[in-house]
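Next come a sequence and a model predicted from it.
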Amino acid sequence: MKTPPNSIEAERAVIGSILLDTTGRDERVMDLCQSAGVVPESFFDPRNRTIYAAMQRMARESKPLDALTLTEELMKAGTLEAVGGAAYIQTLIDQTPTTAHAEYYMNIILGKHLRRTMIESATKTIEKCFDEREYPDAQAVLGDAEKSFLEIGVRGDTTMPWASAIDLSFQRIDAMFDSNGKTLEGLSTGLTHLDEKLQGLKNSEMIVIAARPSVGKTSLAMNIAESCALGLDMNNVPVKTDDGKRHPVMIFSLEMPVEALAKRMIAGRAQVNTWRLNRGLCTKDEKRRLLQNLSIAAEELRGANLIVDDTAGLDVMDLRARARRAKKQHGIELIVIDYLQLCTCREAARMGSRQIEVSMISQQIKAMAKELKIPVIVLSQLSRANEQRGDKEEKPKLSDLRDSGAIEQDADVVFLLRRPSRTATSKDAADEQLAIIDVAKNRNGEIGEVKVNFYREFTRFGDRPIEHAGVEAFNSSEPEPAQGEFLDNPMM
């Protein structure tokens, strides 16, 4: 057995520096320790760990911190004798000549603590690997190992000072004035009218796209992902609000394999009806033209910074670990999860309640968005409640989110997607292209319906003409719908 990495001398120097520094009420060293993430566990010597924990309590309660007050605090807690009494505390001060090198000593103990943490995580992983009875799933062990190692180093106080938060927020508001409405607060969805409603997909937001099966929620999410990855809107024009910048996007496709997803994207971008092509309903000239369009679309998508993980039944903790790793390796700026109900949660599954499991999955996804500071789009199924209310339009509500009300609570933005042509009693049933994105919840903006076009044969969304959009006029062009039979896509 080897002694874990440690430096008792550096630990004593840090505590001694704090005591010397706070004699003049400056408390610079204590502030440095807290901002750098020094915690009681950073100290290897149990005596130093106990003393620093008492110092943290006193700092939180704004108590004066010196040798005398620290001694009294330890005496009240009944731990003074365990640390060596007042004599040991005085020794810490006497052996620290200056506070000038406190930051150097601090980095030493943080480095030793990091090494001990890595050893501890590796040891636990080794034990799990040997214990096949308790941990029969090797992939689960790997996921836990990835999670534990990727979380190492995420220490310390990450809270932004209030003054800094005010300054940053004011800068963003000021930028909005300067832009005259030409920039967004977040990533563009590629749909002009939806961007106007949302002001973009904002960092740390959990955006839920909910719909009944085969309405087009996967298509909408993939169109948005494609738009962000290529820096182009749905009309194949560079996004003006972002100067056509490309953003790395990660897609967790729990339902469709990556090959099917790529095929759909290529066909949609090329505006090719693969159903007609597969059944030989195109002439030779049409095939030649369509093949050329497909080749161009494939070449464009080849350069898109898209990362697709099509692992089925992925545990939400494994999903978080993979997303965390992708953020570090590729700098991803958007995550799409298709879809929430196909995720699992090992911890909650043991309780035997699907509602609790979905609730925990939703909480973990929201926590992931905040941790990575990027928007996360997650797809969700709706229940049949909207079809059973007797509403002629069959408009879904937030309460229709399937399996758990926690999804509604955790989400920052909720899209309720519907297509009136699928409801015989709807007043717009004859409009085959109309799709309505109902922004039913928007924590940081306005709510309301946005009308868009949906081309079923291409599984692709587009901006609706001005006179039909139901919003203020914008300069935008609409892609020409292809001629031919409109059929529901079974992959949608």
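That came in fine, so what should we check first? Numbering: from 1, shown residues only.

which stretches of the stretch 301-450 of the chain form strands?
Counting by DSSP state E, counting those that start in this stretch, the stretch 301-450 of the chain has strands at residues 306-309, 334-338, 376-381, 413-418, 434-442, 448-455.

Throw those strands into CSV and include mean pLDDT, thanks.
As requested, the strands of the stretch 301-450 of the chain are exported to CSV (pLDDT from 0 to 100):
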stretch, mean pLDDT
strand 306-309, 88
strand 334-338, 92
strand 376-381, 90
strand 413-418, 90
strand 434-442, 89
strand 448-455, 89
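
In JSON lines, list those strands along with distance to residue 123 and mean neighbour count.
For glycine as for every other residue, the C-beta is placed from the backbone atoms N, C-alpha and C. JSON lines is the format used below for the strands of the stretch 301-450 of the chain (distance: least, Cβ to Cβ, whole Å; neighbours: other Cβ atoms under 10 Å):
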{"stretch": "strand 306-309", "distance to residue 123": "29", "mean neighbour count": "19"}
{"stretch": "strand 334-338", "distance to residue 123": "32", "mean neighbour count": "25"}
{"stretch": "strand 376-381", "distance to residue 123": "33", "mean neighbour count": "24"}
{"stretch": "strand 413-418", "distance to residue 123": "42", "mean neighbour count": "24"}
{"stretch": "strand 434-442", "distance to residue 123": "45", "mean neighbour count": "21"}
{"stretch": "strand 448-455", "distance to residue 123": "53", "mean neighbour count": "20"}
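
OK, contacts around residue 334?
187, 201, 225, 228, 247-250, 374-377 (Cβ atoms under 8 Å, 6 or more residues apart in numbering).

so which helix or strand takes in residue 245?
Under DSSP states H and E, no helix or strand contains residue 245.

Number of residues surrounding the nearest residue to it once chain neighbours are set aside?
Spatial nearest neighbour of residue 245, excluding adjacent residues (Cβ to Cβ, 6 or more residues apart in numbering): residue 231 at 5.2 Å. Around residue 231 there are 18 other residues, counting by other Cβ atoms under 10 Å.

From what I see, residue 231 and residue 244 are in contact.
Yes. Between residue 231 and residue 244 a contact is recorded at 4.2 Å, counting by Cβ atoms under 8 Å.

Pull up the overlap in contacts between those two.
Listed as contacting both residue 231 and residue 244 by Cβ under 8 Å, 6+ apart are residue 238.

Any regions of the stretch 51-200 of the chain where pLDDT drops low?
For the stretch 51-200 of the chain, the stretches with pLDDT under 70 are 150-151, 153-161, 165, 172-173, 175-182.

same thing but 50
Counting by pLDDT under 50, the stretch 51-200 of the chain shows low-confidence ranges at 155-157.

Surely residue 269 is in a strand?
No. Counting by DSSP: H, G, I helix; E, B strand; the rest coil, residue 269 is located in no strand; its state is helix.

how far away is it from residue 296?
9 Å (Cβ to Cβ, to the nearest Å).

next one: residue 131
Noted for residue 131: a distance of 54 Å to residue 296, by Cβ to Cβ.

Can you tell me the closest non-neighbouring residue to the residue nearest the centre of the chain?
Using Cα atoms, centre = their mean, the residue of the chain that lies closest to the mean C-alpha position is residue 369, 2.6 Å off. Leaving out its chain neighbours, the residue that sits closest to residue 369 by Cβ to Cβ, 6+ apart is residue 376, at 4.2 Å.
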